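Peer 1: Quick one: sequence plus predicted model below, questions after.
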Protein chains: 2
Amino acid sequence: MNDLEIARQAQLRPITEIAKEAGIPVEYLKPYGNSIAKVSHKFYDVLKERPNGKLILVTAITPTSAGEGKTTTSIGLAMALNRIGKKTFVTLREPSLGPVMGIKGGAAGGGYAQVLPMEEINLHFTGDIHAVTTAHNLLSASIDAHIKFGNNLDIDSTQIFWPRAMDMNDRALRSIVVGLGGRSNGFPREDGFIITAASEVMAVLCLAKDISDLKERLGNIVLGLNKHGDFVRVRDLGVHGAMAAVLKDAIDPNLVQTIEGTPAFVHGGPFANIAHGTNSIIATKMALKLSDFVVTEAGFGADLGGEKFLDFVSPVGEFEPAVVVIVASIRALKLNGGADKKSLGSEDIAALKKGFENLKVHYENMRKYGVPVVVAINIFPDDTSGEKKLLGELCKENNIPYETSTVWKNGGKGGVALAERVVELSNTSNQFKPLISLDAPIEEKLKIITKEIYRAGSYTLEPKARKMLKVLKKQGFGDYPVIVAKTQYSISDDAKKLGAPSGYNFQIRDLTLSAGAGFVVAVSGDIMLMPGLPGNSNAQKIDIDENGEITGLF
Amino acid sequence: MNDLEIARQAQLRPITEIAKEAGIPVEYLKPYGNSIAKVSHKFYDVLKERPNGKLILVTAITPTSAGEGKTTTSIGLAMALNRIGKKTFVTLREPSLGPVMGIKGGAAGGGYAQVLPMEEINLHFTGDIHAVTTAHNLLSASIDAHIKFGNNLDIDSTQIFWPRAMDMNDRALRSIVVGLGGRSNGFPREDGFIITAASEVMAVLCLAKDISDLKERLGNIVLGLNKHGDFVRVRDLGVHGAMAAVLKDAIDPNLVQTIEGTPAFVHGGPFANIAHGTNSIIATKMALKLSDFVVTEAGFGADLGGEKFLDFVSPVGEFEPAVVVIVASIRALKLNGGADKKSLGSEDIAALKKGFENLKVHYENMRKYGVPVVVAINIFPDDTSGEKKLLGELCKENNIPYETSTVWKNGGKGGVALAERVVELSNTSNQFKPLISLDAPIEEKLKIITKEIYRAGSYTLEPKARKMLKVLKKQGFGDYPVIVAKTQYSISDDAKKLGAPSGYNFQIRDLTLSAGAGFVVAVSGDIMLMPGLPGNSNAQKIDIDENGEITGLF
């Protein structure tokens, strides 16, 4: 059975029941049909004096197209924790429609470890991403209208940082010229669309504590430079109130259930390169007040989402992760070790051994934060007993705690060993401390992260980045938090360097400011912020019959 | 009190109660919070053997910026019909976010004749328009991806008819070049964005009977020409199934209530120039089965939405309108008569007299369909007694039935006289017959409509239109239904010709094919399909406070 068939056989419980069991009173619920509800962010005010549950961060080795199963493992682990008597929530990012229509597919887990209803979650869900798109493009249109009608703010039309956004994989929109066709259409300028998940509005939504904080952050966004080289903010244009109004429902966490009835918040979906890569802080904070354990996930590998969660999201959200879980699959390790994608079905001891180096680096990196770490080996049907044995031995040799997980095939039952290990580790010594202090100078932050996490011997700022650093210092952002945008396919800045590269020079091409989200993005190489559709896309496979039953989603 | 304050004071009843009273069983309801629900389109199958209620079409004189109050009158009339003991539904189009953020504002009625909750309806509502945007742009992205990856269909990239779409007022996107930046971004070509309400997908959604019909229509859409000059359809590209899946909830009518608890379907919002300009056929058909009277509204003046409803929507939806209501306001008549917008507050007998000619033409036009017609004079606070007296006299002189309406100020009470007149007229002789036969040749259709409705002495096809007519005939569309896209500010093809122009030559610049919606659009002049934001936009006035209360919407 495929994911959709499994999903359809599941008996969904009314979301009102799930909410009641989770301790969410009905007056804070806004249902979207019988299986989805938004929970008012104001409910947190009622909860805030309660003690927090324990936060489990799920991250992964360097991702490959073979899939390591991070979302599936997060969902399965949460179900398993419930099975062993721990009241648990799972908090995840929302899928983006673009990849659903492209190659990647949905993001609601897989097999017997899914959040449901998967069709709704993978399509429009509660409309949060559409709201982000609208708020984003309202700002874009307002900038061009402002310049056309007098440009009182003296915006330099060649220095507009704010692109347009769409939740679609559409490469033709990456680089465009707008405003053609004569005076009534404005003025021609270069522009481009990014996918909505990469919008700063998405990052802002996921970091905002409440509506006031949301509006404040939206007002802080720097949209470009004026003709004197000073920052122009959204507040100067006066549309942050309307943008916040457009986001008024999007700020409320979405409650759904796993295939075993575990409560899940699936809320917000920022990229893990250009942004911080994890679901909304509001959802995780609320979940921590409602349960013993909260399992959450951060995007891409431990060098991207993991690092950002521990160095940035945790201080901002006042989180203290209890355990870090690094998900690895034998298939993905073999690809990391240089195996060919086509021969992943056959045993390849050498590639696995080589790929293990990647896991080792991520494990060591995560240990630097003072938190217990465990590796979850996500078992696939093709894994041979020789490979499983080797991987276990390698972990033991290197003193890496690990458990195998079969949640894809067996649901929560397949994650019980992992869950027990997580509970055990959560009771051991924990000296969580970010590697990077939030208020250190930008250069120092970059020095630590490139050395300690990316294992570079040195780093350089290219001229564009150096120039921007000067501007940032001049405008008072010299000690601002830093998010690194780099390839997700290597620990380094070069997608071709598999395994465990070290000692190289890490190059930073540009620095960009996300003053609403509250960080500077250090950009290494070309970061793709608008995916494209392939020649044969999922869109050509997805269908719906006369009864409204969808096929082809996965 | 402004509209938002009035809306906020209203006591909304649970939508489940409204549904129950309207006869909609709970198993067909999908709630979106407590005050909005989608009703499954499948519910119609249960109802289809029931007799229909009477359909009242609300249309208007030539619109001006002074406002004639069509939506307000529709809502008020429905409330008044309920007050006099007739079970009544009102069916309306959904507001588009672009105009909400621009100048025009929302579209949920006004004063004491509103549909509620107005903030939700005017912002994202149930996400239908976002779904249309997504389905539209999925096709756009698929076209460019298809051409990039081999172009098996031999699509001529200079002959792509399908633009991109966004629900925003953004003039900078009207005319753009996409695909810049090198090979990995596809190939450069001219393109443009239209506002989502103008998308053929919106027209298709509003005409589709069920999911099968929806998919069939989406598959029929002609996206452009191949290199041999033949039509390429969405079915050839194979993404109509995915587009229909994206629209699976959007096809279900949205149930809300008026300020007096009258049930209302607010569903779909196609333009009345490029498309047929009325809410979904599904919603109106369902409402007709559930009530004695259904009040529905069509966009722009009687020459656009009214004509299209009677000549196209009615045969397609199998509707037999019982009464046509033409809404006029003294302010708008004065503007139609040449008065200055700034002096509308003072009496202007001469301008009113002159503007009356416009009302007279629309009245005569609507009478040609064999249906009883009544004029609703929508009273504004500034109207003087002299003006009211004159307008009454002019109507009497010309044997035009009329009633004044004060629903904006007084709610349903202010529409009782109109409601009584409507009931009375609905019992008189009715020989409804479209002026234009759906299967007449395109030229003949154009001859009738330009003569009988637009009062032209002749019409000409410009070279581009003539050329396209040949293509259409060759491809078997020579007798296809026709929708005219022309200025809404005049009965003629020239926005500057106020009042009652006649005897002029009507010029048709182009013909475009909407093979999914099922009509050819005869385009006169330049039709604006993407509005722009003004220098001072509503977006700069809209705000939200820390409790989530929105201000500045109207």
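Peer 2: Now that the structure is in, tell me what you want to look at.

Peer 1: tell me the strands in the stretch 351-500 of chain A, going along the chain?
Peer 2: A:373-378, A:402-405, A:458-461, A:482-485 (DSSP state E, counting those that start in this stretch).

Peer 1: I'd like the ones you listed laid out as CSV, including mean pLDDT and mean neighbour count.
Peer 2: Where C-beta positions appear, they are placed from N, C-alpha and C, glycine not excepted. Shown next, in CSV, are the strands of the stretch 351-500 of chain A (pLDDT from 0 to 100; neighbours: other Cβ atoms under 10 Å in any protein chain shown):
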stretch, mean pLDDT, mean neighbour count
strand A:373-378, 98, 26
strand A:402-405, 98, 22
strand A:458-461, 97, 16
strand A:482-485, 96, 26
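
Peer 1: Compile those strands into CSV and extend it with columns for distance to residue B:12.
Peer 2: As requested, these are arranged in CSV below (distance: least, Cβ to Cβ, whole Å):
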stretch, distance to residue B:12
strand A:373-378, 48
strand A:402-405, 48
strand A:458-461, 57
strand A:482-485, 43
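
Peer 1: Now render those strands as JSON lines, adding distance to chain B.
Peer 2: Output for the strands of the stretch 351-500 of chain A, formatted as JSON lines (distance: least, Cβ to the nearest Cβ, whole Å):
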{"stretch": "strand A:373-378", "distance to chain B": "29"}
{"stretch": "strand A:402-405", "distance to chain B": "32"}
{"stretch": "strand A:458-461", "distance to chain B": "24"}
{"stretch": "strand A:482-485", "distance to chain B": "18"}
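
Peer 1: Show me which positions of stretch A:510-517 end up buried.
Peer 2: Within stretch A:510-517, the residues scored as buried using 16 or more other Cβ atoms under 10 Å in any protein chain shown are A:510-517.

Peer 1: now, which of those sits nearest residue B:372?
Peer 2: residue A:516 (57.7 Å; Cβ to Cβ).

Peer 1: where's that closest one relative to residue A:320, distance?
Peer 2: Separation of residue A:516 from residue A:320 (Cβ to Cβ, to the nearest Å) stands at 26 Å.

Peer 1: For the stretch 401-550 of chain A, just list every one of the helices.
Peer 2: A:407-410, A:416-426, A:442-448, A:463-474 (DSSP state H, counting those that start in this stretch).

Peer 1: Next, the buried residues of the longest one.
Peer 2: Using 16+ other Cβ under 10 Å as the burial criterion, the residues of helix A:463-474 that qualify are A:465, A:468-469, A:472.

Peer 1: ok, so of these, who is nearest residue B:285?
Peer 2: residue A:468 (59.1 Å).

Peer 1: Go ahead and confirm that closest one touches residue A:508.
Peer 2: No: with contact defined as Cβ atoms under 8 Å, residue A:468 does not count as touching residue A:508 (9.9 Å).

Peer 1: Which among the helices of the stretch 401-550 of chain A is found nearest to residue B:223?
Peer 2: For residue B:223, the closest of these is helix A:407-410, at 39.2 Å, according to Cβ to Cβ.

Peer 1: helices and strands around that closest one, which ones?
Peer 2: helix A:70-83 (3 or more Cβ pairs under 8 Å, 6 or more residues apart in numbering or on different chains; DSSP states H and E).

Peer 1: Now the helix it packs on: average pLDDT?
Peer 2: Helix A:70-83 shows a mean pLDDT of 97.

Peer 1: Repeat that for stretch A:213-220.
Peer 2: On average, stretch A:213-220 scores 98.

Peer 1: now it, how far from the centre of its chain.
Peer 2: 21 Å (Cα atoms, centre = their mean, to the nearest Å).

Peer 1: That stretch and chain B, are they touching?
Peer 2: Yes: using Cβ under 8 Å from any Cβ of the partner chain, stretch A:213-220 reaches chain B at residue A:215.

Peer 1: Dump that stretch to CSV, restricted to CA.
Peer 2: In CSV, the C-alpha atoms belonging to stretch A:213-220 read as follows (Å, rounded to 0.1, in the frame of the first residue of the first chain):
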residue,chain,number,x,y,z
ASP,A,213,5.2,41.0,17.9
LEU,A,214,4.2,39.9,14.4
LYS,A,215,3.3,43.5,13.5
GLU,A,216,6.5,44.8,15.0
ARG,A,217,8.7,42.3,13.1
LEU,A,218,6.8,43.0,9.8
GLY,A,219,7.4,46.8,10.4
ASN,A,220,11.1,46.1,11.0
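
Peer 1: Any chance you could list what contacts it?
Peer 2: Outside stretch A:213-220, the residues within contact range by Cβ atoms under 8 Å, 6 or more residues apart in numbering or on different chains are A:135, A:201, A:204-205, A:207-208, A:233-235, A:240-241, A:243-244, A:247, A:251, A:515-518, B:544.

Peer 1: now the helices of the stretch 401-550 of chain A in JSON lines, with mean pLDDT?
Peer 2: Listed next are these as JSON lines, based on pLDDT from 0 to 100:
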{"stretch": "helix A:407-410", "mean pLDDT": "96"}
{"stretch": "helix A:416-426", "mean pLDDT": "98"}
{"stretch": "helix A:442-448", "mean pLDDT": "97"}
{"stretch": "helix A:463-474", "mean pLDDT": "95"}
